[in-house]
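**Student:** here is a sequence together with a model predicted from it:
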Amino acid sequence: MKKITYHDKVRDYVIKQTHGRCGYCGKTLQNNSEWHLDHANPRPRPKYNGMANELIIPACVRCNIQKGHRNIEQYREYLKGKRNVDSITFYLDLCTLFPVPDIFPSRNNG
């Protein structure tokens, strides 16, 4: 039996908030290999452990790579210019998103 990790718990938590869809394009995400945990606000460097109190969004590989190190509003502006449209609605705009709660033990906390 596979051990449930902190990362697994966070993935389960965030995917439920968007009903199994990419927070940006709305694509249905079927398995762990085809989507990423995306930080709504790019994380500082160097890397750190834990995601408590951060807004984490499930993103398909295409959207996550295209978003890069932009925050949500920078990504929205980037797409508006690229698509030559006045507004962009992300799937996450239709959902109620909450930061990852500080209830999952991270590598730092045990």
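**Tutor:** Received the coordinates, thanks.
**Student:** from here on, contacts and neighbour counts on C-alpha atoms
**Tutor:** OK.
**Student:** so which residue is dead centre in this protein?
**Tutor:** Nearest to the geometric centre of the chain sits residue 57, at 2.0 Å (Cα atoms, centre = their mean).
**Student:** what about the closest residue to that residue other than its chain neighbours, neighbour count?
**Tutor:** In space, and not counting its chain neighbours, residue 57 is closest to residue 38: 5.0 Å by Cα to Cα, 6 or more residues apart in numbering. The number of residues packed near residue 38 is 23, by other Cα atoms under 10 Å.
**Student:** tell me the secondary structure at residue 38.
**Tutor:** strand (DSSP: H, G, I helix; E, B strand; the rest coil).
**Student:** right, and it touches residue 65 too?
**Tutor:** No: using Cα atoms under 8 Å, residue 38 is not in contact with residue 65, being 9.7 Å away.
**Student:** need the overlap of contacts for those two.
**Tutor:** The contact sets of residue 38 and residue 65 do not overlap (Cα atoms under 8 Å, 6 or more residues apart in numbering).
**Student:** hmm, back to that, strand partners (parallel or antiparallel) of the one helix or strand the residue nearest to the centre of the chain maps to?
**Tutor:** In the assignment (DSSP states H and E), residue 57 maps to strand 56-60. Taking DSSP bridges as the criterion, strand 56-60 forms sheet pairs with strand 35-39 (antiparallel).
**Student:** returning to that earlier point: show residues contacting the next helix or strand after the strand holding residue 57.
**Tutor:** Using DSSP H and E, the next helix or strand after strand 56-60 towards the C-terminus is helix 61-67. Under the criterion Cα under 8 Å, 6+ apart, residues 24-25, 34-36, 38, 75 lie in contact with helix 61-67.
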